[in-house]
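**Q** Fold the following and give me the result.
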Amino acid sequence: MYWQIRYEPDSDGNPDRTIVCYKGLATTKDPDYLCGDPNLMKYTTVQWRQSPVNLPEDAVIGVMYYTNPVQSDIVVDDASSWVYQNTNLTHGSRLPGLLGYEVDQMYGHAPANTVRLAHSVFGTGPQDFSDATVYTAPSRATVFATGSMQWSWGLDD
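**A** Predicted structure coming up:
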């Protein structure tokens, strides 16, 4: 979840067949933005965290994009979580090589019941960390965010 996109009809008029995303050109090229109509401007194809959308990714999934490239380990933060049940992992356990190549972190917009599962420092700067999170949405859906593109590598040898 990084760029808001929208669907438009294809050249034959069939609805919802073309993905549209102006990315960095949205405020100069996107007709939904340029029209000035707030009902259409909310569909502007910018990053979710940018105006006029203003919905930071971590408000929806618990974390949002921080940087790339990264190559490091995921570090367990809350081993008491059900996510780590029957894994023998403890606070500070490392999952080698599973942090990267893009990483995400919490920015302070996460839902109130979000639990930080991992907090992995990978660089020398104060913001050089990645977080993994989980929370239960009002719909009762479980929302799990790894904070790492490489997390899935640990699912299979």
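
**Q** burial measure for Gly147, as a count.
**A** 28 (other Cβ atoms under 10 Å). Glycine gets a C-beta too; all of them are placed from N, C-alpha and C.

**Q** wait, it sits on Phe122?
**A** No - counting by Cβ atoms under 8 Å, Gly147 does not reach Phe122; the two are 10.8 Å apart.

**Q** Spit out the residues that contact the two alike.
**A** 99, 103, 130 (Cβ atoms under 8 Å, 6 or more residues apart in numbering).

**Q** and of those, the nearest to Gln4?
**A** Each of these was scored against Gln4 by Cβ to Cβ, and Val103 proved nearest at 21.3 Å.

**Q** and the closest one, how far is that from Val63?
**A** 9 Å (Cβ to Cβ, to the nearest Å).

**Q** Can you check which residues contact both of these two?
**A** Joint contacts of Val103 and Val63 (Cβ under 8 Å, 6+ apart) are 130, 147.

**Q** Gln150 in helix, strand or coil?
**A** Following DSSP: H, G, I helix; E, B strand; the rest coil, Gln150 is assigned to helix.

**Q** close enough to count as contact, it and Leu99?
**A** Yes - distance between Gln150 and Leu99: 6.5 Å, which falls inside the contact criterion (Cβ under 8 Å).

**Q** quick one, which of those two is more surrounded?
**A** Using other Cβ under 10 Å as the criterion, Gln150 and Leu99 rank with Leu99 on top: 27 against 19.

**Q** thinking again about what came up before, tell me the one of the shared contacts of Gly147 and Phe122 nearest Asp30?
**A** Of all the shared contacts of Gly147 and Phe122, Asp30 sits closest to Val103, with 28.7 Å by Cβ to Cβ.

**Q** got any ranges where the protein has weak pLDDT?
**A** Of all residues in the chain, none has pLDDT under 70.

**Q** Residue nearest the middle of it, spatially speaking?
**A** The C-alpha lying nearest the average C-alpha coordinate of the chain belongs to Met64 (Cα atoms, centre = their mean; 3.9 Å).

**Q** Report the separation between it and Met41.
**A** With the distance defined as Cβ to Cβ, Met64 ends up 22 Å from Met41.

**Q** show me the contacts for Ala59.
**A** By Cβ under 8 Å, 6+ apart, Ala59 lies in contact with 109-111.
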